[in-house]
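Q: Sequence and predicted structure, then a few things I'm wondering about:
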Amino acid sequence: MSNLPGDVPNPLPCRHQMRVVQQIQPTVDLLRNMDSQHPDVLRQHLIDLQDYHSGLVFRSAVESIRGSYIASSTSGRERFVADVLSEMKSHGLIFDFDQLSSSQRWDFEVFPESDLSYLAVIEVKGGEGNSINISVRSRLVKEFGIWSHLDGSIQHHPSHGARSVVNRITNELSTRGKHVDMLFFRDILCGSRARPCPKYPGQETTIGAKTCPDIFLFPQRVPTLEDPEPPVHTIETLRLPKLLLNHFGVPKEEYEKHIWYVHMRLVRRENDPQNRLQRLTTIRYEGSDVVQGRGKPFLPTG
């Protein structure tokens with residue numbers, strides 16, 4: 001996807017503080033060159049200088065930390081969503097919810113009201129497109145949502161992850177017919193000193209965990225050649241988004257500050273000897289087109 005020019009965020013307004021970002025590369029250089037620049041520190045910890053790189057001590061340590069971090073992040077993401085749903089239930093915003101085991105198709109089943117035939121489900125993912133593997137939706141599901149949770153990395157701005165995740169979802173929707181209604185996108189750093197949130201004037205650096213996820217709404221149906229540009233969901237065609245906005249205390253007049261609309265159109269490529277299709281995607285925010293993109297050509301299924 002490519003950004004459009006203009007002053008509108010494309011997409012997501014939150015950005016890292018440059019003073020924080022500028023510290024990443026010096027930290028990398030420091031750790032990578034500890035054996036040559038600070039050998040005494042390594043010796044104090046009984047680390048052999050010759051083994052630091054040649055013996056793969058440094059690389060193995062990095063991989064061990066990364067593995068532990070990924071494992072804790074996965075459980076942390078699901079715990080955060082479980083806490084949100086638990087609070088929504090206790091405040092009467094939803095009737096009930098279930099957290100499912102890892103062997104099942106999605107992570108949470110949510111019942112917005114006592115009519116248990118109305119089932120909404122949530123899959124919890126990371127904040128990058130390559131972490132998005134979408135389950136096949138059953139006919140019993142009325143609303144299918146992805147909760148994409150960044151765990152505080154400052155390597156990229158949140159917009160990078162949002163574009164990547166939206167691209168993955170629209171690709172799955174158009175090429176495989178996996179229908180997703182909504183994406184809840186949240187970064188644990190948003191509303192903190194490292195990443196002030198402009199959606200909360202006066203609380204940019206203190207709102208923290210009370211920041212509402214950005215909500216991306218997708219087409220109401222899977223696009224086909226017979227129905228190439230289905231209407232996009234609104235706050236009225238789904239139940240979970242409005243309930244979540246209310247849980248995070250967003251006033252009705254400020255709903256649109258938190259909602260992004262993902263429009264899709266399916267077209268047949270001209271002069272394509274393979275007769276392939278292509279998806280055109282536009283993300284709209286507060287009435288303006290902020291991102292446009294073309295998906296890779298693909299052959300129709302069926």
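A: Structure's in. What do you need? Everything numeric here is computed off the predicted structure, so don't read it as measured data.

Q: buried stuff in stretch 273-288?
A: Neighbour counts over stretch 273-288 (16 or more other Cβ atoms under 10 Å) mark L277, Q278, R279, L280, T281, T282, I283, R284, Y285 as buried. Heads up, the C-betas are built off the backbone N, CA and C, glycines and all.

Q: now stretch 132-143
A: Buried, per 16+ other Cβ under 10 Å, within stretch 132-143: I132, I134, R137, V141, E143.

Q: same check, this time on stretch 248-255
A: Here stretch 248-255 shows V250, Y255 as buried, counting by 16+ other Cβ under 10 Å.

Q: any chance you could map the helices in the chain?
A: According to DSSP state H, the chain carries its helices in the segments 18-21, 24-32, 34-37, 39-44, 49-53, 57-90, 158-176, 240-247.

Q: Centre of the chain to the last one, how far?
A: Helix 240-247 has its average C-alpha position 17 Å from the chain's average C-alpha position, going by Cα atoms, centre = their mean, to the nearest Å.

Q: what's the angle from it to helix 57-90?
A: 90 degrees (axes from the mean of the first three to the mean of the last three Cα atoms, to 10 degrees).

Q: picking up where we left off before, pick the one among the buried residues of stretch 273-288 closest to V232.
A: Using Cβ to Cβ, R284 comes nearest to V232 of the buried residues of stretch 273-288, at 8.3 Å.

Q: which intervals of the stretch 101-250 of the chain have sub-threshold pLDDT?
A: Scanning the stretch 101-250 of the chain for pLDDT under 70 picks out the ranges 102-103, 127-131, 151-159.

Q: Can you show me the strands along it?
A: Here the stretch 101-250 of the chain has its strands, by DSSP state E, counting those that start in this stretch, at 108-111, 119-125, 141-150, 182-187, 214-217.

Q: Mind putting the ones you listed into TSV with distance to L30?
A: As requested, the strands of the stretch 101-250 of the chain are arranged in TSV below (distance: least, Cβ to Cβ, whole Å):
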stretch	distance to L30
strand 108-111	41
strand 119-125	32
strand 141-150	25
strand 182-187	26
strand 214-217	34
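
Q: tell me the two of the buried residues of stretch 273-288 that are most distant?
A: Across those (Cβ to Cβ), the longest gap, 26.7 Å, separates L277 and Y285.

Q: Now do the same contact list for L277.
A: Residues near L277 by Cβ atoms under 8 Å, 6 or more residues apart in numbering: S174, L225, L266, V267, R268, R269, P297, F298, L299, P300.

Q: Which ChimeraX command selects the buried ones in those?
A: This is how ChimeraX selects the buried members of these, with burial counted by 16+ other Cβ under 10 Å:
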select :174,266,298
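
Q: With distance to T237 as extra columns, can I get the contacts of L277 in a markdown table?
A: Converted to a markdown table, the contacts of L277 look like this (distance: Cβ to Cβ, whole Å):
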| residue | distance to T237 |
| --- | --- |
| S174 | 20 |
| L225 | 23 |
| L266 | 20 |
| V267 | 25 |
| R268 | 28 |
| R269 | 31 |
| P297 | 30 |
| F298 | 27 |
| L299 | 31 |
| P300 | 27 |
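
Q: Just name the closest of the contacts of L277 to G76, please.
A: Within the contacts of L277, the smallest distance to G76 is 31.7 Å, found for S174 (Cβ to Cβ).

Q: Name the nearest residue to that closest one, sequence neighbours excluded.
A: In this structure, S174 finds its nearest non-sequential neighbour in R279, 4.2 Å apart by Cβ to Cβ, 6 or more residues apart in numbering.

Q: Can you lay out the helices of the chain as JSON lines showing distance to V290?
A: Putting those into JSON lines (distance: least, Cβ to Cβ, whole Å) gives the following:
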{"stretch": "helix 18-21", "distance to V290": "22"}
{"stretch": "helix 24-32", "distance to V290": "27"}
{"stretch": "helix 34-37", "distance to V290": "43"}
{"stretch": "helix 39-44", "distance to V290": "47"}
{"stretch": "helix 49-53", "distance to V290": "45"}
{"stretch": "helix 57-90", "distance to V290": "26"}
{"stretch": "helix 158-176", "distance to V290": "10"}
{"stretch": "helix 240-247", "distance to V290": "19"}
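
Q: All good on my end, thank you.
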